[in-house]
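Asker: Provide a 3D model corresponding to the input given below.
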Amino acid sequence: MDSNRWPEVRHVLGVDQFDRPFLDRICLLTQEIRELCDKPDGKRLLKEQFADRSAMLYFSQPSSRTYTSFKRACQKLGVDIVDVRDPNTSSEVKGESKMDTIRTFSSYVDVIVMRTKEQGLAAQAAAHLDQTPRPRPIVNAGSGADEQPTQVLLDIYTMARSFKDHGGIDGKTIALVGDLKRGRTVRSLAKLMRHYHDMMLLLVSPPAFRMQQDILDHLDSHRDRVRYEVVDDLRAAVCRADAVYMTRVQDEHDVDGESAKVSINDFCFTPEHLTLLRPEGVVMHPGPRRQELDLRCDDDPRVKYWRQMRNGMWVRTALLACIFATLGKERKERRR
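Answerer: Modelled structure (predicted):
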């Protein structure tokens, strides 16, 4: 594999750092790695290339899909893994600051993948480590209700694969459904649509869960590429959509149980909605799902929920490979 053709990546903190060339290249690399791993020799080659690397999975917020997919991504690259999933087992319980904790971790590994309830913490950690003698890449695997940049990469890859025989992502209508106010995946995906041409977003939610104004302002500033409509009729949206992106209620961000006061009965995708979806359409969900995506829909090939999860492992494998390759180039430059 020629890593010189790979995108150069260091920190992965938010979707604003991704442009269209990067998105296209990471999708191509993901597919290349998948095909390589279909062959025994390819698997061995990939692991040999990164056998001297290590990663910390610092997940202080509960996670199963994201954590497991990053762990499997590391294993596919032959990378040594250290993990901390309970902050009560670290020196933070003794009063150590988070920045000291993260700097300590950076002494042991080449990259830190972190998931946290605290908005902006990943960016703070990256800026802090860049000022130390041992700067290490930070990968944001979820930071509060802010962003989930690696999730949006796997979403882009899933749509690119789904629409590869239908003109790609450009020109598509995407319905974002559910808790758009607090769903970091839909916030990130909406922001990335500016890199594609002639896009339409249908923002489908109860009034209490509508997309926040900062994202609407962002979309307004890129109306030459992406338009949007705020709607409350899921059936009508499904009839128009190429992709329906369902989300659950983000009640972990509740203050006084306010989510329970909002009815989502009219915002649940059922087998009836499949009859309205166009033959080449797709249904997506970042997980975990609840009643908003009916289990009876799972056998329809247009429902990509399970494929999305598998794609997450492969996209994160490609992303980590790019980070490690970039570190290798930096190391060579310092030796000159």
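
Asker: For stretch 265-281, which outside residues touch it?
Answerer: Stretch 265-281 has contacts (Cβ atoms under 8 Å, 6 or more residues apart in numbering) with 163, 166, 177-178, 204-206, 232, 234-235, 238-239, 241-244, 246, 283, 291-294, 296-297, 300, 302-303. The C-beta positions use only the backbone N, C-alpha and C, and glycine is treated the same way.

Asker: out of the residues you listed, which are buried?
Answerer: Using 16 or more other Cβ atoms under 10 Å as the burial test, the contacts of stretch 265-281 include 163, 177-178, 204-206, 234, 238, 241-244, 246, 283, 292-294, 297, 302-303 as buried.

Asker: The residues you listed in strands, which ones?
Answerer: When DSSP state E is applied, these are split such that Val177, Val204, Ala243, Val244, Met246, Val283 fall in strands.

Asker: quick check, nearest of those residues to Met99?
Answerer: Met246 (37.0 Å; Cβ to Cβ).

Asker: Show the contacting residues for that closest one.
Answerer: Counting by Cβ under 8 Å, 6+ apart, Met246 touches Val177, Gly178, Phe269, Val283, Met284, His285, Arg289, Glu292, Leu293.

Asker: how far away is the third one from Ala141?
Answerer: Distance of Phe269 to Ala141, computed by Cβ to Cβ, to the nearest Å: 26 Å.

Asker: ranges for the helices of this structure?
Answerer: Assigned by DSSP state H, the helices in the chain fall at 20-37, 40-49, 65-76, 98-106, 121-129, 149-162, 184-192, 213-220, 234-240, 271-274, 305-335.

Asker: buried stuff in the fourth one?
Answerer: Put plainly, it is helix 98-106. Result for helix 98-106 [16+ other Cβ under 10 Å]: buried residues Lys98, Thr101, Ile102, Arg103, Phe105, Ser106.

Asker: what about the second one, distance to Ala325?
Answerer: With distances defined as Cβ to Cβ, the gap from Thr101 to Ala325 amounts to 28 Å.

Asker: and what of the fifth one?
Answerer: Distance, Phe105 to Ala325, by Cβ to Cβ: 22 Å.

Asker: Kindly reformat the helices of the chain as CSV containing distance to Lys172 and mean pLDDT.
Answerer: Formatted as CSV, the helices of the chain follow (distance: least, Cβ to Cβ, whole Å; pLDDT from 0 to 100):
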stretch, distance to Lys172, mean pLDDT
helix 20-37, 14, 95
helix 40-49, 32, 90
helix 65-76, 25, 95
helix 98-106, 39, 92
helix 121-129, 30, 94
helix 149-162, 8, 96
helix 184-192, 12, 92
helix 213-220, 15, 96
helix 234-240, 11, 98
helix 271-274, 18, 98
helix 305-335, 16, 90
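
Asker: Which one, of those helices, ends up nearest to Gly171?
Answerer: Of all the helices of the chain, helix 149-162 comes closest under Cβ to Cβ, at 12.0 Å.

Asker: chain center to the closest one, what's the gap?
Answerer: The chain centre lies 8 Å from the centre of helix 149-162; the measure is Cα atoms, centre = their mean, to the nearest Å.

Asker: Repeat that for stretch 205-216.
Answerer: That offset, for stretch 205-216, works out to 20 Å (Cα atoms, centre = their mean).

Asker: ok, residues contacting that stretch?
Answerer: Outside stretch 205-216, the residues that reach it (Cβ under 8 Å, 6+ apart) are 176-182, 186-187, 190-191, 203, 228, 230, 232, 249, 258, 261-264, 266-267.

Asker: What of stretch 327-335?
Answerer: With contacts defined as Cβ under 8 Å, 6+ apart, stretch 327-335 is touched by Ser3, Glu8, Arg10, Arg53, Asp110, Val111, Pro137.

Asker: Return the subset of the residues you listed lying in strands.
Answerer: Using DSSP E, the members of the contacts of stretch 327-335 that fall in strands are Val111.

Asker: which among the contacts of stretch 327-335 end up buried?
Answerer: Neighbour-count burial (16+ other Cβ under 10 Å) is assigned, among the contacts of stretch 327-335, to Ser3, Arg10, Arg53, Asp110, Val111, Pro137.

Asker: Show me which of those residues is closest to Asp198.
Answerer: Closest approach to Asp198 among those (Cβ to Cβ): Arg10, at 32.4 Å.

Asker: What separation is there between that closest one and Thr270?
Answerer: Taken as Cβ to Cβ, the span from Arg10 to Thr270 is 44 Å.

Asker: now Arg187
Answerer: 25 Å.

Asker: The two - which one has more neighbours?
Answerer: Taking other Cβ atoms under 10 Å, Arg187 and Thr270 do not tie; Arg187 has more neighbours (23 against 14).

Asker: any idea how far the closest residue to the more buried one other than its chain neighbours lies from Thr116?
Answerer: Leaving aside its sequence neighbours, Arg187 sits nearest to Ile215 (Cβ to Cβ, 6 or more residues apart in numbering; 5.6 Å). Computed as Cβ to Cβ, the Ile215 to Thr116 distance reads 21 Å.

Asker: So which bits of stretch 214-231 are buried?
Answerer: For stretch 214-231, by 16+ other Cβ under 10 Å, it's Ile215, His218, Leu219, Val226, Arg227, Tyr228.
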